[in-house]
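> Give me a model of this one.
(2 chains)
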Amino acid sequence: EDQVTQSPEALRLQEGESSSLNCSYTVSGLRGLFWYRQDPGKGPEFLFTLYSAGEEKEKERLKATLTKKESFLHITAPKPEDSATYLCAVRTQGGSEKLVFGKGTKLTVNP
Amino acid sequence: KAGVTQTPRYLIKTRGQQVTLSCSPISGHRSVSWYQQTPGQGLQFLFEYFSETQRNKGNFPGRFSGRQFSNSRSEMNVSTLELGDSALYLCASSDRASGANVLTFGAGSRLTVL
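Now for the predicted structure:
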């Protein structure tokens, strides 16, 4: 069964304190790993897609990396507006658009 | 481009009732997926529709059903509501044909079952 595990469940940082979120996965065949950001009361907002080990993508203070077993979301010098729940999801083999999500990491950045 | 629109945003029902939720995808997107989000289970896949056909279904009981219309708008229905059906129901659309396969989510419909 396809599984996605995110850690930590919650993370508190001071503004400017860099850190990383982890997403480990076991799937039958990876057709993409996705990172989303979700703010309270809103739907998930797409951040990145990674397809193969070694791939990296960056957007502002965020950088996502992928290995054969896990992905990291690195947050450099975070600001309070980066506070949100970050969700990791995988799409597996087959013709479906189905995503299997982890339970997320709730990030709080204090000023 | 307008985003994914879900209605209603909030609703309260009692056990045993049924509910219908609506989703209008991004213009041009023909794939619509539905997810249930709860604090305990996170986001769980309900089903996906493409060109008015259900393409995949998650592990939910038959009380959960959906459909898609010729204009790609989708509805999901939950019959005989139970307390455990209280959740945020999220709809997402994608441009399946392009191969980009990025799901764009709506803001969700928050269902409370009393």
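> Enumerate every residue touching the closest residue in space to B:Gly28 that isn't next to it in sequence.
Among residues not flanking B:Gly28 along the chain, B:Asp95 sits closest, at 6.4 Å (CB to CB, 6 or more residues apart in numbering or on different chains). Where C-beta positions appear, they are placed from N, C-alpha and C, glycine not excepted. Contacts for B:Asp95 (CB atoms under 8 Å, 6 or more residues apart in numbering or on different chains) come out as B:Ile26, B:Gly28, B:His29, B:Arg30, B:Ser31, B:Asn101.
> Buried only: go through those residues for me.
Neighbour counting by 16 or more other CB atoms under 10 Å in any protein chain shown classes B:Ile26, B:His29, B:Arg30, B:Ser31, B:Asn101 among the contacts of B:Asp95 as buried.
> about what we covered before: list just the nearest of the contacts of B:Asp95 to chain A.
Nearest to chain A among the contacts of B:Asp95: B:Ser31, at 5.4 Å, using CB to the nearest CB.
> can you give me the strands for chain A?
Counting by DSSP state E, chain A has these strands, from start to end: A:3-7, A:10-14, A:19-26, A:30-38, A:45-50, A:56-59, A:62-66, A:70-75, A:84-92, A:100-101, A:105-110.
> where in the chain is pLDDT low?
Answering for chain A, as no chain was given. Residue ranges of chain A with pLDDT under 70: A:95.
> oops, I was thinking of chain B
B:1, B:96-100.
> Try it again at 90.
Where chain B drops to pLDDT under 90, the residues are B:1-2, B:95-102.
> Can you show me the strands along it?
B:5-7, B:10-13, B:19-24, B:31-38, B:42-50, B:53-57, B:64-68, B:74-78, B:87-94, B:104-105, B:109-113.
> Keeping just the C-alphas, turn the last one into CSV.
Presented in CSV, the C-alpha positions along strand B:109-113 are these (Å, rounded to 0.1, in the frame of the first residue of the first chain):
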residue,chain,number,x,y,z
SER,B,109,-17.0,22.9,1.7
ARG,B,110,-17.0,22.5,5.5
LEU,B,111,-19.7,20.0,6.5
THR,B,112,-20.8,19.6,10.1
VAL,B,113,-23.0,16.7,11.0
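> So which residues make contact with it?
Contacts for strand B:109-113 (CB under 8 Å, 6+ apart): B:6-15, B:19, B:21, B:78, B:81-89.
> got the angle for it vs strand B:87-94?
Angle, strand B:109-113 to strand B:87-94, by axes from the mean of the first three to the mean of the last three CA atoms, to 10 degrees: 150 degrees.
> Enumerate the positions of strand B:109-113 that are buried.
B:Ser109, B:Arg110, B:Leu111, B:Val113.
> gap between the third one and chain A?
Remark: distance between B:Leu111 and chain A (CB to the nearest CB, to the nearest Å) = 14 Å.
> swap in B:Asn71?
Taken as CB to the nearest CB, the span from B:Asn71 to chain A is 19 Å.
> Same check on B:Val113?
B:Val113 is 19 Å from chain A, where distance means CB to the nearest CB.
> With adjacent residues omitted, what lies nearest to A:Lys68?
The shortest distance from A:Lys68 to any residue other than its chain neighbours is 4.8 Å, reached at A:Ala53 (CB to CB, 6+ apart).
> Can you give me the distance of the residue nearest to B:Gly28 to B:Leu103?
Taking CB to CB, to the nearest Å as the measure, B:Asp95 and B:Leu103 are separated by 10 Å.
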